[in-house]
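> kindly return the folded structure for what I paste below:
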Amino acid sequence: MIPESVVAEILRRTDIVELIGGVLPLKAAGRAHKALCPFHTEKTPSFIVNPERQIFHCFGCGEGGDAITFLVKHERLTFPEAVRYLAERAGVSLPAARGGGGPAEGEGRLHLLDVQRQALEHFRENLRGPEGSLAREYLRGRGLTPELTERFQLGYALPRWDGLLRVLKTRGHPDRLLEAAGLTVARQTGSGHYDRFRHRLMIPIWDVGGKVVGFGGRALPPAAARAGDDTEVKYLNSPETAIYRKGTHLYGLNLAARAIRERNRALVVEGYFDAITLHAHGFDHAVATLGTALTTEQARLLGRYATTVVLLFDPDAPGIDAARRNLEHLINVDLDWRIVLLSGGLDPDAYLRTHGAEAFAAALEAGQDLVDFFLDGRVSGMDMADPVQRARRADGLIEILGTIDNPIRREGYIQRVAQRTGITDRSLLEAVARQRGRAGRRDAAQAPPIPLATLPTAEEQLVYIGLNYPAWREQISAALTPEDVRDPILRRIFSEFIQAGHAGPPAGSQEAPRPMSLLPPEVQRRLSSLWARDPWSVGSSEFGEYPAGAPGHEELRRTVEDCLARINQERGAVERQALRQALEAADRRGDSDQVLRLLAEHPSVKRDQRTP
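Okay, here's the model as predicted:
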């Protein structure tokens with residue numbers, strides 16, 4: 001068990017803006033930072049990070065907490081893993097675990113990340129060493145400079161069955177961990193394991209935060225003669241593991257994120273070296289898919305950084321077919337899609353090395369939108385100058401348009417098709433409606449209307465003041481009992497953060513408050529909401545921006561007195577109701593002594609009963 005004081009010290013040394021900004025494109029918004037929420041789909045940013053309180057909160061889905069909670073939810077770490085990760089990052093020593101835990105114990109996400117990092121170090125050392133000469137020669141042949149090799153952290157897997165295995169096992173990593181990381185393979189006959197990657201140029205795959213989660217291995221000549229049968233495969237990739245799913249990561253996004261955000265545009269290619277070559281020629285907003293068509297999850301990940309995504313494909317039949325497959329399932333992702341079909345049958349890497357950056361930039365500028373792409377003769381196989389073939393192609397587009405669930409976007413595309421084909425909007429709308437009816441599709445649910453803002457309750461205002469204004473905490477604690485706070489979550493916050501004095505110092509203090517991540521999730525969400533938004537002005541301070549003129553002492557005094565008066569009034573009403581019920585019960589039992597005793601003890605009840 002990690003002591004609470006150690007957890008608090010780790011959080012005190014952690015900058016939550018720097019931590020979350022490493023994986024999300026945060027933008028300053030007053031005294032807070034905002035971004036699209038990573039925990040639900042949204043178009044307008046409602047996720048805020050408050051540097052003064054060192055918390056995050058989403059006003060859309062309600063998720064909130066501290067740096068540890070973010071790692072648990074976003075990186076899928078366990079609580080101990082998140083604490084250990086932040087402790088190492090902050091330079092805080094953790095107490096030794098019972099039983100002397102070490103890297104050989106368990107296959108948690110941190111262990112997998114650690115072993116991937118060590119594997120990368122090994123591969124990079126190999127590339128720099130004497131046995132890496134062939135790999136270095138290959139890189140020179142592809143025009144990759146030492147600086148580019150260093151930027152992309154390329155390495156080399158030795159032509160041995162146990163080159164990596166032996167190194168990692170001497171460091172205490174068990175076979176089961178190395179296999180779980182996808183670095184080794186269990187032998188089919190007998191016992192033991194062998195290296196998955198042998199005699200290959202090694203390309204690390206990072207998550208958006210820059211942590212190595214897997215590898216791509218490019219075969220080097222003469223592969224079959226030096227390293228075994230399976231190295232004849234040109235590219236060998238890590239299998240999916242607990243930390244790597246190829247449909248959720250994009251190669252190079254950690255390096256390209258800043259440029260994508262600045263340009264509001266991302267380039268998506270299909271190969272590692274396509275992306276590397278694009279970066280080498282100044283197109284540093286390029287990323288690559290990982291052996292699959294671009295997935296919806298990857299598209300939404302890009303949507304956090306840009307509104308326009310440019311897809312580059314080969315203009316041959318397989319490339320066009322790949323583009324069509326991509327777009328037909330991505331059409332419902334609300335991004336401005338552009339498609340570039342490079343001429344000459346060249347992939348982006350070869351095109352750049354053949355024609356140069358200027359010609360490539362011109363090709364990007366000539367990119368097509370979705371409608372132009374699907375009507376392109378190279379894609380449709382039809383002559384769009386012929387009215388009969390043009391109408392036939394429009395019929396083919398109806399099925400695709402029918403898959404768009406957002407009615408506004410669907411109508412926009414229909415208008416574009418009508419302009420390009422000369423077919424009326426009405427005819428296309430009716431045809432698409434029939435198609436959707438046959439397919440049983442329904443329009444996407446529209447966003448629910450924004451509920452009318454409600455004023456904060458008296459107990460919520462008092463808990464807020466107690467949290468944020470320590471000078472009033474003692475008075476509020478003396479005037480209220482936990483039973484006076486009817487909301488169970490607010491009652492927990494009141495008891496632990498106000499009555500018990502754990503609310504911590506004012507925002508900006510260097511003292512460490514009680515760690516939020518030690519609380520139940522529902523309490524963290526409510527607490528982060530109270531700390532992230534100012535409840536004095538309902539609907540304001542949406543992103544943690546405080547209104548001009550924070551409440552002064554006199555205003556706080558009036559608010560506290562008013563809230564306490566309201567709660568006392570409610571408390572009195574509850575007590576009177578309970579007494580009336582007790583009187584009625586005693587009267588039904590014929591217990592006149594109890595009735596007289598209650599009336600004597602509570603004369604106000606007697607007076608109330610006489611009041612018409």
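> now residue 258: how far from residue 307?
Residue 258 sits 16 Å away from residue 307, going by Cβ to Cβ, to the nearest Å. No exception for glycine: its C-beta is placed from N, CA and C like everyone else's.
> actually, residue 64.
Following Cβ to Cβ, the distance that separates residue 64 from residue 307 is 27 Å.
> compare neighbour counts for these two and give me the winner.
residue 64 (29 against 13; other Cβ atoms under 10 Å).
> now the residue lying closest to the more buried one once chain neighbours are set aside, what's its secondary structure?
Nearest residue to residue 64 in three dimensions, chain neighbours excluded: residue 528, at 2.8 Å (Cβ to Cβ, 6 or more residues apart in numbering). Assigned by DSSP: H, G, I helix; E, B strand; the rest coil, the conformation of residue 528 is helix.
> verify the stated contact: residue 528 with residue 65.
Yes - counting by Cβ atoms under 8 Å, residue 528 does reach residue 65; the two are 6.0 Å apart.
> give me the common contacts of the two.
The contact sets of residue 528 and residue 65 overlap at 55, 56, 516 (Cβ atoms under 8 Å, 6 or more residues apart in numbering).
> which of those has the most neighbours?
Highest neighbour count within the shared contacts of residue 528 and residue 65: residue 56, with 32 neighbours (other Cβ under 10 Å).
> part of a strand, is that residue?
Yes - counting by three-state DSSP, residue 56 is located in a strand.
> need the pLDDT of it.
pLDDT recorded at residue 56 is 96.
> and the pLDDT at the spatially closest residue to it that is not a sequence neighbour?
Nearest non-adjacent residue to residue 56, counting by Cβ to Cβ, 6+ apart: residue 49, 4.9 Å away. The confidence metric pLDDT takes the value 95 at residue 49.
> which parts of the stretch 151-300 of the chain are strands?
Per DSSP state E, counting those that start in this stretch, the stretch 151-300 of the chain carries strands over the ranges 155-157, 184-186, 193-195, 200-206, 212-219, 235-237, 265-269, 286-288.
> ok, which of those comes nearest residue 29?
Nearest of those to residue 29, taken as Cβ to Cβ: strand 265-269 at 22.9 Å.
> by contact count, what packs against the closest one?
Here strand 265-269 touches helix 272-280, strand 286-288, strand 308-313, going by 3 or more Cβ pairs under 8 Å, 6 or more residues apart in numbering; DSSP states H and E.
> circling back: what is the neighbour count of the residue nearest to residue 64?
With other Cβ under 10 Å as criterion, residue 528 counts 24.
> what does the one 4 residues further on give?
Using other Cβ under 10 Å, residue 532 has 22 other residues around it.
> I'd say it and residue 47 touch.
No - shown here, residue 532 and residue 47 do not form a contact pair, counting by Cβ under 8 Å, at 10.1 Å.
> hey, what's in contact with both of these two?
Common contact partners of residue 532 and residue 47 (Cβ under 8 Å, 6+ apart): 57, 59.
> the helices in the stretch 51-200 of the chain, which residues?
Shown for the stretch 51-200 of the chain, the helices assigned by DSSP state H, counting those that start in this stretch span residues 67-74, 79-90, 109-128, 133-141, 146-151, 163-170, 175-180.
> thinking again about what came up before, possible to save the strands of the stretch 151-300 of the chain as a markdown table with mean neighbour count, distance to residue 178 and mean pLDDT?
Below are the strands of the stretch 151-300 of the chain laid out as a markdown table (neighbours: other Cβ atoms under 10 Å; distance: least, Cβ to Cβ, whole Å; pLDDT from 0 to 100):
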| stretch | mean neighbour count | distance to residue 178 | mean pLDDT |
| --- | --- | --- | --- |
| strand 155-157 | 28 | 14 | 97 |
| strand 184-186 | 18 | 4 | 95 |
| strand 193-195 | 20 | 7 | 95 |
| strand 200-206 | 24 | 15 | 97 |
| strand 212-219 | 23 | 13 | 96 |
| strand 235-237 | 18 | 16 | 93 |
| strand 265-269 | 25 | 31 | 95 |
| strand 286-288 | 27 | 26 | 97 |
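> out of those, which is closest to residue 351?
Residue 351 sits nearest to strand 265-269 of all these, at 10.5 Å, using Cβ to Cβ.
> now that closest one - C-alpha only, CSV.
Below are the C-alpha coordinates for strand 265-269, written out as CSV (Å, rounded to 0.1, in the frame of the first residue of the first chain):
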residue,chain,number,x,y,z
ARG,A,265,-4.4,19.4,-41.6
ALA,A,266,-3.1,15.9,-41.4
LEU,A,267,-1.5,13.8,-44.2
VAL,A,268,-2.2,10.0,-44.0
VAL,A,269,-0.1,7.5,-45.9
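> neighbouring strands for it, and are they parallel or not?
Within its sheet, and counting by DSSP bridges, strand 265-269 is paired with strand 286-288 (parallel), strand 308-313 (parallel).
> chain center to it: distance?
Relative to its chain's centre, strand 265-269 lies at 19 Å (Cα atoms, centre = their mean, to the nearest Å).
> what's the answer for stretch 429-441, then?
Worked out by Cα atoms, centre = their mean, stretch 429-441 lies 34 Å from the chain centre.
> which residues touch it?
395, 398, 399, 401, 402, 403, 405, 410, 411, 414.
> same list (the residues you listed) but as TSV, adding secondary structure.
Conversion of those to TSV gives the following (three-state DSSP):
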residue	secondary structure
395	helix
398	helix
399	helix
401	helix
402	coil
403	coil
405	coil
410	helix
411	helix
414	helix
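> helix or strand for the spatially closest residue to residue 492 that is not a sequence neighbour, just tell me which one.
Closest residue to residue 492 apart from its sequence neighbours, by Cβ to Cβ, 6+ apart: residue 523 at 5.4 Å. Assigned by DSSP states H and E, residue 523 belongs to helix 521-532.
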